[in-house]
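K.L.:
Sequence first, predicted model second:
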Amino acid sequence: MDCYLSPEQIKEYTVETGVKKAENGLKKSFLLSFMGGMFISLAVIGSLIASCTIDNYSLSSLVAGIVFTAGLIMVVVAGADLFTGNVLIVLAVLQKRITALKMAKNLAITFLGNLAGALFIVFLVQGSGILSNANGILVQKLVLKAAHKIEYPFYQAFILGILCNLLVSLAVWMTYSSKDTGGKVLVCMFPILLFIIGGYEHIVANMYYIPAGVIAAMSGNYTSLSAVSSEILSSLTLAGIVRNFIPVTLGNLVGGLVVGCTYANIYKSKSNVGELVSRIKISA
């Protein structure tokens, strides 16, 4: 038996996965999303620690990207939900297996669960004291990155969100092609690496970055370590979080819909893969 699915088979698998995700109960959906928010946030702080003392922009982005891929690997292998990946549920909607309302409900629950998981890691990291490592460089990079994200005008954050989820949705789509853990790990790494190197905007990653930057900016110990100007610190507010979250969320939604709707139109007919797909364990 082949160790991978063809693109047409991936489409059928994605539909079945979307149906299962949409039919999960509130508790299960929220907890899976909570785990997803945790996994991505742990990958964010890990990538920041790994790259914070590297001055070369290209090398720093490469190192951060390699480490950050651990986030999606944990989501895919351990089992969790991300708002960005769940946009692919649209294939099940287009095939009329579920309603658009069910998809919207799942995305809303997933968003809130991701946020809760991310904030959980924000407070754990804040309390751990690790942000004071690297002689203040780590917290400085965190605060500057958060401030930079907030400074994006709406249209730019929106476009960066689209670019991000074109790649993240493709990474998820590609993991569905593999029937073994090693294959799933390998195929998801490269699109995620491209997204980090490009500096695109991922709403779940931002659920860690920006609140963590805001809280760090409010802490006297960290602000003295970071040596960041008061003007930058003053921009880190709750309003700034909302100003970033709205366009990035919309951009991620559009990016995922582009991937999902395009493949749904490429592979319109149900092929003779239903039996094969039904034999593969669907994780949701």
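P.N.:
Done, it's in.
K.L.:
For Tyr267, the count of nearby residues, please.
P.N.:
Other residues within reach of Tyr267 by the criterion other Cβ atoms under 10 Å amount to 20. Where you see a C-beta, it was placed from the backbone N, CA and C, and this is true even at glycine.
K.L.:
I'd say Tyr267 and Lys11 touch.
P.N.:
Yes: in terms of Cβ atoms under 8 Å, Tyr267 counts as a neighbour of Lys11; the distance is 4.3 Å.
K.L.:
got the contact list for the residue at minimal distance from the centre of the chain?
P.N.:
The residue at the geometric middle of the chain, judged as the C-alpha nearest the mean C-alpha position with Cα atoms, centre = their mean, is Val204 (4.6 Å). Residues touching Val204, when contacts are defined by Cβ atoms under 8 Å, 6 or more residues apart in numbering, comprise 36-37, 40-41, 82-84, 114, 118.
K.L.:
how close does it get to Gly37?
P.N.:
Relative to Gly37, Val204 is positioned 6 Å away (Cβ to Cβ, to the nearest Å).
K.L.:
before we move on, what about Ile210?
P.N.:
Distance of Ile210 to Gly37, given as Cβ to Cβ: 13 Å.
K.L.:
who has more neighbours, the two?
P.N.:
Neighbour totals were compared for Ile210 and Gly37, and Gly37 leads with 31 against 27 (other Cβ under 10 Å).
K.L.:
Skipping its backbone neighbours, what lies nearest the more buried one in space?
P.N.:
Take Gly37 and drop its neighbours on the chain: the residue closest to it by Cβ to Cβ, 6 or more residues apart in numbering is Gly117, 2.5 Å away.
K.L.:
for that neighbour, what are its contacts?
P.N.:
Under the criterion of Cβ under 8 Å, 6+ apart, the contact list for Gly117 reads 33-41.
K.L.:
Tell me which stretches of the stretch 1-150 of the chain form helices.
P.N.:
Remark: helices assigned in the stretch 1-150 of the chain by DSSP state H, counting those that start in this stretch are 7-23, 26-51, 57-74, 83-86, 90-94, 100-128, 137-151.
K.L.:
if we can go back for a sec, between the contacts of Val204, which is closest to Val125?
P.N.:
Each of these was checked against Val125 using Cβ to Cβ; the closest is Ser41, at 8.1 Å.
K.L.:
Pull the residues that contact stretch 43-62.
P.N.:
Contacts with stretch 43-62, where a contact means Cβ under 8 Å, 6+ apart, come from 63-65, 67-72, 74, 121, 125, 130, 133-134, 137-138, 141-142, 145, 193, 196-197, 199, 205, 208-209, 212.
K.L.:
Next, show the common contact partners of Tyr267 and Lys11.
P.N.:
Shared contacts of Tyr267 and Lys11, defined by Cβ under 8 Å, 6+ apart, are not found at any residue.
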